[in-house]
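>>> sharing a model prediction with you, sequence too.
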Amino acid sequence: MWGEIMKVAVLQIEGTNCEEESYAAFKHFNQDVEYVHLNLVKRGKKRLEDYDILFIPGGFSAGDYVRAGSIFAARLKAIAWKELKKFVEDENKRIIGVCNGFQILIELGLLPGVDGISEVPEAALMVNDSNRFECRWVYLRKERDTSFSKEVPELIALPVAHAEGKFFTTSKILEEIEENRQVVFRYVSPSGGKAEYPWNPNGSLNDIAALVNSYGNVMGIMPHPERAFHWYQHPDWTRKKREVGDGYYIFKSLLHHK
């Protein structure tokens with residue numbers, strides 16, 4: 001199945017963004033991708049079960065009122081909670097949430113997912129320690145191979161753009177996340193060492209930039225791989241020779257590894 005053509009849904013509501021870049025990334029690999037607004041799911045015109053991959057993009061869904069991602073998550077939960085849980089429990093399905101999408105997965109209780117799906121959020125993506133919107137390039141170190149990271153080099157650079165990106169949870173859940181090896185990427189310095197601000201742009205616990213659930217088929221990531229898909233999107237493109245952007249490898253991993 002994996003390595004063949006996947007049916008991909010890029011989920012939308014008002015305020016999401018980077019859908020076009022995400023759509024183009026999947027199209028680059030000749031995938032069967034389409035935009036799917038939650039209203040179409042609500043009306044029964046689209047069904048989550050018909051897709052292999054759900055991609056939840058970044059942005060400011062519903063204006064990030066209440067808190068980032070909460071309204072998108074509440075609407076999705078009200079519309080298709082049973083279908084979503086069934087989707088996650090299918091080992092052949094994948095969900096990836098980027099930036100606001102990561103916030104939505106946290107709000108849904110799909111991440112951190114140390115014991116599967118939670119009915120209530122078990123973590124939060126809080127206001128950045130800097131107390132301001134952070135828009136900058138950061139470095140990430142790959143912590144393990146997963147179906148989202150197998151093709152990714154050990155050290156990559158991706159852009160962030162968020163005001164609420166500080167991963168925070170209880171000490172018990174954080175310990176379980178580390179024991180389960182659910183951390184996929186951590187913020188690091190340009191040399192690959194410990195990340196202090198601004199290399200950890202938000203103050204995330206344990207420098208967590210991306211993690212998967214215990215099933216290994218749901219990933220949330222704060223930096224934007226779709227904004228670094230091509231080599232010329234990197235700020236050092238005139239100095240460093242690349243064939244593709246670093247975000248390319250995340251999409252390639254997702255589409256080629258079960």
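It's in.
>>> CA atoms for contacts and neighbours, from now on please.
Will do.
>>> test for you: state the pLDDT assigned to the closest residue in space to Y248 that isn't next to it in sequence.
Excluding the flanking residues, the one nearest Y248 by Cα to Cα, 6 or more residues apart in numbering is F229, at 4.6 Å. With respect to pLDDT, F229 has a value of 98.
>>> and for F229, the neighbour number?
24 (other Cα atoms under 10 Å).
>>> which residues does it contact?
25, 244-248 (Cα atoms under 8 Å, 6 or more residues apart in numbering).
>>> does A80 lie in a helix or a strand, and which?
Using DSSP states H and E, A80 sits within helix 70-88.
>>> with W199 instead?
Counting by DSSP H and E, W199 is part of no helix or strand.
>>> could you confirm A209 falls within a strand?
Yes. With DSSP: H, G, I helix; E, B strand; the rest coil as the criterion, A209 is located in a strand.
>>> and the pLDDT at it?
98.
>>> does it touch A195 like I think?
No. Counting by Cα atoms under 8 Å, A209 does not reach A195; the two are 11.2 Å apart.
>>> find residues that contact each of these two.
The contact lists of A209 and A195 share Y187, where a contact means Cα under 8 Å, 6+ apart.
>>> compare neighbour counts for these two and give me the winner.
A209 (30 against 21).
>>> which residue packs closest to the more buried one, ignoring adjacent ones?
Nearest non-adjacent residue to A209, counting by Cα to Cα, 6+ apart: R186, 4.9 Å away.
>>> that older thread, give me the phi and psi angles of the residue nearest to Y248.
With angles defined as degrees, to the nearest 10, F229 sits at phi -80, psi -40.
>>> now do N217
Per degrees, to the nearest 10, the backbone of N217 is at phi -120, psi 10.
>>> now it. Nearest residue, chain neighbours left out?
Per Cα to Cα, 6+ apart, closest to N217 is R94, 5.0 Å.
>>> just checking, that neighbour touches V88?
Yes. At 7.3 Å, R94 and V88 qualify as touching, with contact defined as Cα under 8 Å.
>>> okay, and the common contacts of these two?
In contact with both R94 and V88: 217-218, using Cα under 8 Å, 6+ apart.
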